[in-house]
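Q: structure for this input, please:
(2 chains)
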Amino acid sequence: MATVQPVLESRNLTISFGGHIAVHDVSCGFYPGTLTSIVGPNGAGKTTWFNLLSGQLRPTGGQVLLRGEDITRLAAPARADRGLGRAFQLTNLFPNLTVLENCRLAVSSRQKVGYNFWTMDSRRQDVTDRAMEYLRQVHLEHRADYVVSGLPHGDQRKLEVGLLLALEPEVFMFDEPTAGMSVDEVPVILDLIGEIRQRGDKVVLLVEHKMDVVRSLSDRIVVLHNGELVADGEPAEVIASPVVQEAYLGIPQDEAEGA
Amino acid sequence: MMDWILSGDYPRSRILTALLVAIFVGLGLGPFLFDGVVAFRTMGMICIFIIVVASYDLMLGYTHVVSFAHLMFFGFGAYGVAIALDTMGSGFTAIFVGLGASLAVSVITALLLGLLSLRVKAIFFALVTLAIAFSFMVLVNQLYHITGGEDGMRVAVPRELGPAFRMEHSGTGFALLNWLWGVVTNPLAVGEVTREALFDVRMNGQLLMYYVSFVLATGLFLFMLRLVNSPFGKVLMAIRENEFRAEALGYRTVFYRTAVVVVASAFATVAGVLFALVTRYITPGVTLDFELAVFVLLMCVIGGMGTLYGAVIGATVFLVAQTYLQDLLGVLSGWIAEVPLMQPAAALFSEERWLLWFGVLFVLSVYFFPAGIVGQLRAWAARRDAGAAGTKEQGGAAEAAGEQS
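A: You can find the predicted model right below:
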């Protein structure tokens, strides 16, 4: 694995807010066809690290590389253009637009037609069809004409994932995609993530708290603790390692799985 | 065909459709339906301010960009064409040179303004526009040898666009409102009422200029309607709803916001050119005044932000009220003064108090129509449709669907 060039690489990434170092010297590469889970206690810096990778934050030190290209100075839109897709932990949608309009915006972004001011958007049936296809994948096609702010929380989470799918990125970054979903909705999303992994050519990053999910889906687990990378490897070995037991779980493994 | 003209963005409310048709027909046939100088001037102002308010709404209602410099661009147009006519003589070449030059100045200014300050927080942009608009006003006041300072300047329009130019045919108008009033109050004398309703229309250059404004207002409005229903317009709405997420989807929001400021400013400039040519006399007070900026904001809010039709309704309601509320109050205070013991109250309704009553109307309209007139009409229509369809869907969903554009 080490001989292949990583698609996405975090090289000594560091960010500090005032005196507080939220992410400290994290180095890690991500490879196609692998699903890497990032775990760690609350406040470990997982989401902050994601923000550094996808461009919402600029690091105070270190680099982000995409296919060997240094993208550290690029803003979020430029990174999205290059194939870095991100779904957010706190639902982050366009609240007063419909579900379909939300999804069409993601599809349109790939088509680079945002500066077209003359075509009637409603007549672009291909965009609508594509958007509906992604809505079907996240089981939201029956909600297409609903305004997002009126949707139940679980549906908003599904749309969040739907937007990421519609972006068709090279790198999928899921930040707790199943948080707040009802029990019967979770498998839908997990199956989708599993499918993306199966395609074999995409990089999938997943921040997740549910240890059973992490264990069953991941090819690799990265553990963050107090902003530092403390463990990185195969799921079974990482979960079993003493440093993880102490730093992250802090409690016997059986109990953690039950949570 | 209609779908293409309106860009698929229908009024979606029968009352709104009726209002819009009434305004369109009223303005289109206006000079032949409403007699008098005041009515003629009001209609001209409505056409011009539809452009100003609609373009302002592109920024405020569709993108949530707050600018205080919109009337500065309006002033660029007005003063640009006035100065061109002053220095080059009254000709059509001067008009086009003035229009071109002021458009160039507007686009460059808007571009710089956008790229320099839209990167940072929205409030910063608002303050920068305020500062620049204020400096432009001071500049116009100080450069009195060019602009006439506070005294303003006469706009020497070509003869063909002025009152001195008369067409061969004379026109006859029919004062519709007077006729209706006459028929209601005096139904037995329909023939006489009809004869009295006929009036001569002055077929001169001013009428020509009015129709230039009307055609341009219609064209630019429909163009803006297309703009907001294009992929570009959808991105603007995405920025309004959640700029952070729009960026994460790959949209470079700074460029979109700058683009919308440039487009809106260019349209305001065109409106300014029309204003100078229609009124033929401009002062800083009627083109750049801060009060006017507030009025434009009010028209936008009354009509309904984020709905271009709101600009049409808002501009019409506001300008009609501004013009005729004084007359109405005069009549009202006359009646009240005749009631015993009510004389003191009559003072409250005297004509000079029109701004007070206008304020009351504004507060009431915002209270009862928080989404503006258009937003409210659409919400009612959506609710009625939902009720008629008998669907059990959440009312909130249908209502919200009606409110967003």
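
Q: all contacts plus neighbour counts: C-alpha atoms, from now on.
A: Will do.

Q: in contact with residue B:124, which residues?
A: For residue B:124, the contacting residues are residue B:117, by CA atoms under 8 Å, 6 or more residues apart in numbering or on different chains.

Q: you'd agree it is in a helix?
A: Yes. Checked against DSSP: H, G, I helix; E, B strand; the rest coil, residue B:124 lies within a helix.

Q: so for it, what's the pLDDT?
A: pLDDT, residue B:124: 85.

Q: could you do residue A:7 as well?
A: pLDDT recorded at residue A:7 is 91.

Q: doesn't residue A:32 make contact with it?
A: Yes. If you go by CA atoms under 8 Å, residue A:7 and residue A:32 touch, sitting 6.7 Å apart.

Q: buried set for the strand or helix carrying residue B:259?
A: Using DSSP states H and E, the element containing residue B:259 is helix B:253-279. In terms of neighbour count (16 or more other CA atoms under 10 Å in any protein chain shown), helix B:253-279 has its buried residues at B:253-279.

Q: who in the stretch 1-150 of chain A is up against chain B?
A: Neighbours of chain B within the stretch 1-150 of chain A, by CA under 8 Å from any CA of the partner chain: A:76-81, A:85-86, A:92-98, A:105-106, A:108-109, A:113-122, A:146-147, A:150.

Q: any of those buried? List them.
A: Buried members of the residues of the stretch 1-150 of chain A next to chain B, counted by 16+ other CA under 10 Å: A:76-81, A:85-86, A:92-98, A:105-106, A:108-109, A:114, A:117-121, A:146-147, A:150.

Q: wasn't residue A:222 part of a strand?
A: Yes. Judged by three-state DSSP, residue A:222 forms part of a strand.

Q: how many neighbours does residue 107 have?
A: Because you didn't say which chain, this covers chain A. Around residue A:107 there are 25 other residues, counting by other CA atoms under 10 Å in any protein chain shown.

Q: can you look at chain B instead?
A: The burial count for residue B:107: 21, using other CA under 10 Å.

Q: these two touch, right, it and residue B:265?
A: Yes. Contact criterion CA under 8 Å: residue B:107 and residue B:265 qualify, at 7.1 Å.

Q: so where is the stretch 1-150 of chain B shaky, pLDDT-wise?
A: By pLDDT under 70, the weakly predicted segments of the stretch 1-150 of chain B are B:118.

Q: hang on, the earlier thing: filter the buried residues of helix B:253-279 down to the ones near chain A?
A: residue B:256.

Q: what residues does the stretch 1-150 of chain B put near chain A?
A: Looking at chain A, the residues of the stretch 1-150 of chain B close enough under CA under 8 Å from any CA are B:7-8.

Q: on the three-state scheme, residue B:250 is what?
A: Secondary structure for residue B:250, judged by three-state DSSP, is coil.

Q: and the pLDDT for it?
A: In the prediction, the pLDDT value recorded for residue B:250 is 92.

Q: before we move on, which element is residue B:209 in?
A: Going by DSSP H and E, residue B:209 is in helix B:205-228.

Q: residue of the stretch 1-150 of chain A with the smallest distance to chain B?
A: Minimum separation of the stretch 1-150 of chain A from chain B (CA to the nearest CA) falls at residue A:77, amounting to 3.7 Å.

Q: what residues are up against the residue nearest to that residue when sequence neighbours are not counted?
A: Once flanking residues are discounted, residue A:77 sits nearest to residue B:250: 3.7 Å by CA to CA, 6 or more residues apart in numbering or on different chains. Contacts for residue B:250 were tallied using CA under 8 Å, 6+ apart; they are A:76-81, A:109.

Q: just the strands in the stretch 101-250 of chain A please.
A: Per DSSP state E, counting those that start in this stretch, the stretch 101-250 of chain A carries strands over the ranges A:171-175, A:203-207, A:220-225, A:228-233.

Q: right, so of these, which gets closest to chain B?
A: strand A:171-175 (11.6 Å).

Q: tell me the mean pLDDT over the closest one?
A: Mean predicted confidence for strand A:171-175 is 93.

Q: so how far is it off the chain centroid?
A: Relative to its chain's centre, strand A:171-175 lies at 2 Å (CA atoms, centre = their mean, to the nearest Å).

Q: so what does it touch, helix or strand wise?
A: Secondary-structure packing of strand A:171-175 (3 or more CA pairs under 8 Å, 6 or more residues apart in numbering or on different chains; DSSP states H and E): strand A:84-87, strand A:203-207.

Q: go with 10 Å
A: Contacts defined by 3 or more CA pairs under 10 Å, 6 or more residues apart in numbering or on different chains; DSSP states H and E place strand A:171-175 against strand A:35-39, helix A:46-54, strand A:84-87, helix A:153-167, helix A:186-199, strand A:203-207.

Q: which residues outside that strand are in contact with it?
A: Defining contact as CA atoms under 10 Å, 6 or more residues apart in numbering or on different chains, one finds that strand A:171-175 is touched by A:7-8, A:30-32, A:35-38, A:46-47, A:50, A:53-54, A:66, A:80, A:82-90, A:160-161, A:164-165, A:193, A:196-197, A:201-208.

Q: any idea how far residue A:55 is from the residue nearest to residue A:77?
A: Distance, residue B:250 to residue A:55, by CA to CA, to the nearest Å: 11 Å.

Q: list residues touching both of these two?
A: Here residue B:250 and residue A:55 share the contacting residues A:75-80, A:84, scored by CA under 10 Å, 6+ apart.

Q: now the residues you listed as JSON lines including secondary structure?
A: Putting the shared contacts of residue B:250 and residue A:55 into JSON lines (three-state DSSP) gives the following:
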{"residue": "A:75", "secondary structure": "coil"}
{"residue": "A:76", "secondary structure": "helix"}
{"residue": "A:77", "secondary structure": "helix"}
{"residue": "A:78", "secondary structure": "helix"}
{"residue": "A:79", "secondary structure": "helix"}
{"residue": "A:80", "secondary structure": "helix"}
{"residue": "A:84", "secondary structure": "strand"}
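
Q: could you dump these to JSON lines with pLDDT?
A: Putting the shared contacts of residue B:250 and residue A:55 into JSON lines (pLDDT from 0 to 100) gives the following:
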{"residue": "A:75", "pLDDT": "92"}
{"residue": "A:76", "pLDDT": "93"}
{"residue": "A:77", "pLDDT": "92"}
{"residue": "A:78", "pLDDT": "92"}
{"residue": "A:79", "pLDDT": "93"}
{"residue": "A:80", "pLDDT": "93"}
{"residue": "A:84", "pLDDT": "92"}
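
Q: looking at the residues you listed, which is nearest residue B:189?
A: Nearest to residue B:189, judged by CA to CA, of the shared contacts of residue B:250 and residue A:55 is residue A:77 at 72.1 Å.

Q: got a list of what the closest one touches?
A: By CA under 10 Å, 6+ apart, the contact set of residue A:77 is A:54-56, A:84-85, A:109, B:244-253.

Q: and the buried ones among those, selectable in ChimeraX?
A: Listed next is the ChimeraX selection for buried residues among those, using 16+ other CA under 10 Å:
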select /A:54,55,56,84,85,109 /B:244,245,246,247,248,249,250,251,252,253
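
Q: nearest to residue B:207 among the contacts of residue A:77?
A: Ranked by distance to residue B:207 (CA to CA), the contacts of residue A:77 are led by residue B:253 at 43.2 Å.
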